[in-house]
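Q: Just a sequence and a predicted model for now, questions to come.
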Amino acid sequence: MQMQMAMNIQLTPFISNPRQGQLLNLNFPNKHSTLTCCAIRNSDLKLSQTQRLVHHFNPKTPIEEAVTPPTSWYTHPSFFHLELDRVFYRGWQVVGSTEQIKDPRDYFTGRLGDVEYVVCRDDSGIVRAFHNVCRHHASLLAYGSGKKSCFVCPYHGWTYGFNGALLKATRISGMRNFNVNDFGLLPMKVATWGPFVLLNLEKENLSKKEVDSHNVSKEWLGSSSEILSTNGVDSSLSYVCRREYTIECNWKVFCDNYLDGGYHVPYAHKGLASGLKLDSYSITMFERVSIQSCEGSSEKNKGNYDRLGRKAIYAFVYPNFMINRYGPWMDTNLVVPLGPNKCQVIFDYYLEHSLKDDKDFIEKSLQDSEKVQIEDIVLCEGVQKGLQSPAYRVGRYAPTVEQAMHHFHCLLYENLAK
Ligand code: FES
Ligand SMILES: [Fe+2]
């Protein structure tokens, strides 16, 4: 990988799109400063070949006749880079929970593709997000999550405020043509919906417009937002905990597994199957969201322990976020792509207030949930190995149950083909 970087003074600030070498506008705290980067990568040279792979799936073929996307979608490194560009560096992406930035001066960090970010709540309660990269020599600025009064770079001590301003630049005596106002952290567009924190890596002119939460809801959830709200996907639940799993599979394998309409449940999750009425499964598709729902069975676990309640709702929000609302619980699954053959899945658990101190119930529920995750991880890693085998190229859809998966693949096609 070669990277050329040039700094000069122009009217419009640019930063390169990390994958395509295209120039994107990004706002700088000082409008007169400019950073122009041009990234040339080997993968760019193969862009047209990679784009051809997109058309190996035909979204117009009806599900009854359709074949699934080919294995190259799940294994090819340059396809993975194309996805970062077209899918993850565009639109709203969930990155965490408001629980992580509950109070002023709370922050958390993360990475999506090549983009390092820090999200924080400033002293006046405003949620902000920045590229987590020091403007001196590019060190990552903050790590993990927690509380701070400012961000001090661990490398040479440059210090930034929660508004991104460079408060202190150390040892700069003798440096000419340097204005601290030009070297604040680069901001990102951030929003919240219910308990979820979203970033948009694409939007330009960040300082000009405040994020309109109504638009976020419309862009992110479309017409499903009301249904999700009325089904209790809201911020009145208590946050319980987070569990993270690194899985040796493409991020879409995990999504596909989620989107098979309960097809695998009786075979792979016998414990879970006994708590659900699988013949009541229904699937509804919205613009970028699909909702699978299922009634709970009357056959409850011993001791009146009822984790699943009367109805379970499984909402998939394109491209990589799942909201599961069942009984008194809600858990969310964020599937973070780490490479063509690897992803991380972050589970956040929320619970109705009345049960938040019931340690036994929480522990049993988390154990049962963990069991299902482990079963899914085994399945997903097995599928990834199968996808890498020369024996397989494309598969078929079971039309009565796998509509949401087909919908997901069609949305991907639409995103990738543009
Ligand atoms: S890289 Fe941050 S202060 Fe030098
Ligand atoms: Fe599963």
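A: Thanks, I have it. Ligands and ions are numbered 1, 2, ... in the order given.
Q: need the residues of the stretch 151-300 of the chain near ligand 1, please.
A: 153, 155-158 (C-beta under 6 Å from any ligand atom). Any C-beta I mention is one placed from the backbone N, CA and C, and that applies to glycine too.
Q: Next up, the contacts around Val335.
A: Going by C-beta atoms under 8 Å, 6 or more residues apart in numbering, Val335 touches 251, 254-255, 320-322, 343-345.
Q: Which residues does it form beta bridges with?
A: Val345 (DSSP bridges).
Q: thinking His137 is in contact with Pro154, fair?
A: No. The pair His137 / Pro154 is not scored as a contact, 11.5 Å apart, by C-beta atoms under 8 Å.
Q: Could you chop this structure up by domain?
A: Residue ranges for each domain of the chain read 1-45, 93-201, 229-417, as given by automatic domain parsing.
Q: mean pLDDT for these: which is lowest?
A: Of all the domains of the chain, the minimum mean pLDDT falls on domain 1-45 (a mean of 37).
Q: in the sheet, who's paired with Arg111?
A: Glu116.
Q: what's around it, how many residues?
A: 14 (other C-beta atoms under 10 Å).
Q: Same check on His131?
A: 19.
Q: residues contacting it?
A: 115-118, 185-188.
Q: mind listing the helices in the chain by residue range?
A: 42-45, 47-54, 72-75, 77-83, 213-221, 225-230, 251-258, 265-268, 270-273, 359-388, 403-417 (DSSP state H).
Q: Just put the domains of the chain in TSV and tack on distance to Val54.
A: Shown next, in TSV, are the domains of the chain (distance: least, C-beta to C-beta, whole Å):
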stretch	distance to Val54
domain 1-45	15
domain 93-201	18
domain 229-417	4
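Q: which bits of the stretch 1-150 of the chain sit near ligand 1?
A: 134, 136-137, 139.
Q: Narrow the residues you listed to just the buried residues.
A: 134, 136 (16 or more other C-beta atoms under 10 Å).
Q: Make a markdown table out of the residues of the stretch 1-150 of the chain next to ligand 1 and add distance to Pro104.
A: Formatted as a markdown table, those follow (distance: C-beta to C-beta, whole Å):
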| residue | distance to Pro104 |
| --- | --- |
| Cys134 | 23 |
| His136 | 26 |
| His137 | 29 |
| Ser139 | 25 |
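Q: Which single residue in the stretch 301-418 of the chain comes nearest to ligand 1?
A: When scored by C-beta to the nearest ligand atom, the stretch 301-418 of the chain has Leu338 as its residue closest to ligand 1, at 25.1 Å.
Q: which residues does that residue contact?
A: 246, 251, 344.
Q: Emit the ChimeraX select command for whichever of those residues are buried.
A: Buried subset of the contacts of Leu338, written as a ChimeraX selection, criterion 16+ other C-beta under 10 Å:
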select :251,344
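Q: Let's have the contacts of Leu338 in a markdown table, adding distance to His76.
A: Below are the contacts of Leu338 laid out as a markdown table (distance: C-beta to C-beta, whole Å):
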| residue | distance to His76 |
| --- | --- |
| Thr246 | 21 |
| Trp251 | 14 |
| Gln344 | 20 |
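Q: ok, of the contacts of Leu338, which one's closest to Thr68?
A: Trp251 (15.6 Å; C-beta to C-beta).
Q: What separation do you get for Asp114 and ligand 1?
A: 18 Å (C-beta to the nearest ligand atom, to the nearest Å).
Q: From what I see, that residue and Leu84 are in contact.
A: Yes. Taking C-beta under 8 Å as the definition, Asp114 is a contact partner of Leu84 at 7.4 Å.
Q: between those two, who's got more neighbours?
A: A direct count of neighbours by other C-beta under 10 Å for Asp114 and Leu84 places Leu84 higher, at 20 against 12.
Q: Now do the same for that one: its pLDDT.
A: 97.
Q: With Val87 instead?
A: 97.
Q: Does it touch Leu412 like I think?
A: Yes. With contacts counted by C-beta under 8 Å, Val87 reaches Leu412, the gap being 6.9 Å.
Q: Mind listing the shared neighbours of the two?
A: Pro319.
Q: Whichever of the contacts of His131 end up buried, select them in ChimeraX.
A: Buried residues among the contacts of His131 (16+ other C-beta under 10 Å), as a ChimeraX selection:
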select :115,116,117,118,185,186,187,188
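Q: ok, Glu99 - how many residues close by?
A: Glu99 - counted by other C-beta under 10 Å - has 18 other residues nearby.
Q: Once you drop chain neighbours, what's closest to it?
A: In space, and not counting its chain neighbours, Glu99 is closest to Tyr239: 4.0 Å by C-beta to C-beta, 6 or more residues apart in numbering.
Q: now swap in Leu278 and tell me
A: Gly262 (5.5 Å).
Q: tell me the phi and psi of the one you found?
A: The phi and psi values for Gly262, taken as degrees, to the nearest 10, are phi 80, psi 10.
Q: can you start the count at 59 instead of 1 from here on
A: With the count now opening at 59, the last piece we talked about shows up as Gly320.
Q: That one and Ser340 touch, don't they?
A: No. Proximity of Gly320 to Ser340 does not meet the contact threshold set by C-beta under 8 Å, at 10.0 Å.
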